[in-house]
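Participant: Sequence first, then the predicted structure:
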Amino acid sequence: MKEIELGTIQERFADLVWANEPVASGELVKICEKEFKWKKPTTYTVLRKLCEKGLLQNVDGVVSSLVSREEFYSAKSEQIIEDSYKGSLPAFIAAFTSRKKLTSGEVEEIQKMIDAFLEEKEE
């Protein structure tokens, strides 16, 4: 997936679309009016920009995503690790856990992911 840069407002807008998709563009205007206090032109301007970036599409008045929420945030996480930690996941985890201690449940969940990765690698 190509890197898609979003500002805070664009990201919040995309989150609304992901939560409601597929959504009629008229309904999206109503949702944005309620959530952001936006007028119709603002909603369509932000929608157009996210369509131009290849994140969303508006086909026959129905808005949906071209990139899933999971794909977007996964790529964003990878970029943060690449930019800030020279691509080192262990360096990222060390930095993260130096300020926020993991719960035993989180450690168990991470261990399950590692075990699943090792099992796949052995097959």
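Facilitator: Received, thanks.
Participant: Contacts for stretch 17-31 next, please.
Facilitator: Residues from elsewhere that reach stretch 17-31 (C-beta atoms under 8 Å, 6 or more residues apart in numbering): 16, 38, 40, 43-44, 47, 50, 56, 58, 61-65, 68-69. Yep, even glycine has a C-beta here, placed from its N, CA and C like the rest.
Participant: Which SSE is immediately downstream of the helix or strand hosting Glu70?
Facilitator: Per DSSP states H and E: Glu70 is located in helix 69-85. Downstream of helix 69-85, the first helix or strand assigned by DSSP H and E is helix 89-99.
Participant: can you map out the helices along this protein?
Facilitator: Assigned by DSSP state H, the chain shows helices spanning 8-20, 25-36, 40-52, 69-85, 89-99, 104-122.
Participant: hang on, the earlier thing: please spell out the PyMOL selection for the buried subset of the contacts of stretch 17-31.
Facilitator: In PyMOL, a selection of the buried entries from the contacts of stretch 17-31 looks like this (16 or more other C-beta atoms under 10 Å):
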select buried, resi 16+38+43+44+47+50+56+63+65
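Participant: Would you check which pair of the contacts of stretch 17-31 lies furthest apart?
Facilitator: Pairwise distances among the contacts of stretch 17-31 were taken by C-beta to C-beta; the largest, 26.7 Å, belongs to Lys40 and Ser68.
Participant: Thank you kindly, that will do.
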